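J.: Fold the following and give me the result.
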Amino acid sequence: SDLLWWCPKPRFIIKPNEVKISKSMKRVFNSGKFKVTFDNDFEGVIRNCKELRENKEGTWINNDMMEAYINLFKKGFASSVEVYRDEKLVGGLYGVKIGKCFFGESMFSIETNASKVALISICKRLEEEGYIFLDCQMHTNHLESMGGKFVSWEDFKLMLEDGIN
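T.: This next block holds a predicted model:
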């Protein structure tokens, strides 16, 4: 099967220290409704991303891709955030880590706000670990409302260089 590869220009990123948390999201965050873990169920997260998209608009995550990401995870090059409510996985995201750059690959939510909680949580973690950016790749209004912004291809390449070296 063919592997599809996109390289959007300009790039859409979030700087971890610039993630926007609305008042209502702060309430959700502090309510203790959701429990957040990191790298606890990578396979569960990618499987949900794959299946939920297949049912909606089709997905680029085929079984070969899924295996490749799981392999990257086992080698320490990929990471996941899991969001649970009452022990049930209700949201999350996963991505690839290279140097101090995090490339968000896909996210899912089967409960309102669960993917926002995942995004805020990974940004806090990335900020603590000195990451330069979270690459969202594609623009969505949802990501823009949370601090996402376009950077030129030139700026992105400089940030990449900085993050990888």
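
J.: V36 and H139, how far apart?
T.: 25 Å (C-beta to C-beta, to the nearest Å). For the C-beta atoms, the positions are set from N, CA and C on the backbone; glycine is no exception.

J.: Ok, S109 next?
T.: Going from S109 to H139 by C-beta to C-beta gives 18 Å.

J.: In this protein, where is pLDDT below threshold?
T.: Filtered on pLDDT under 70, the chain yields the residue ranges 1-6, 8, 53-59.

J.: redo that, cut-off 90
T.: Scanning the chain for pLDDT under 90 picks out 1-11, 29, 50-63, 65, 137-140, 142, 153, 165.

J.: Only alpha carbons, please: show the biggest strand by length in it as PDB.
T.: If you go by DSSP state E, the chain has its longest strand at strand 88-98. Extracted as PDB, the C-alpha positions of strand 88-98 are listed here (Å, rounded to 0.1, in the frame of the first residue of the first chain):
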ATOM      1  CA  LYS A  88     -12.400   4.700  30.200                       C
ATOM      2  CA  LEU A  89     -10.100   6.100  27.500                       C
ATOM      3  CA  VAL A  90     -12.200   9.100  26.200                       C
ATOM      4  CA  GLY A  91      -9.600  11.200  24.400                       C
ATOM      5  CA  GLY A  92      -5.900  11.500  23.500                       C
ATOM      6  CA  LEU A  93      -3.300  12.400  21.000                       C
ATOM      7  CA  TYR A  94       0.000  11.000  19.700                       C
ATOM      8  CA  GLY A  95       3.000  12.300  17.900                       C
ATOM      9  CA  VAL A  96       6.600  11.900  17.100                       C
ATOM     10  CA  LYS A  97       9.500  13.400  19.100                       C
ATOM     11  CA  ILE A  98      12.700  14.500  17.400                       C
END
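
J.: Compute the number of surrounding residues for S31.
T.: 8 (other C-beta atoms under 10 Å).

J.: E105 now?
T.: Close neighbours of E105, defined as other C-beta under 10 Å, add up to 21.

J.: ok, it to K33 distance?
T.: Taking C-beta to C-beta as the measure, E105 and K33 are separated by 26 Å.

J.: Likewise for G163?
T.: To K33, G163 is 34 Å away according to C-beta to C-beta.

J.: now I61
T.: Distance, I61 to K33, by C-beta to C-beta: 28 Å.

J.: next one: Q137
T.: Here Q137 is placed at a distance of 29 Å from K33 (C-beta to C-beta).
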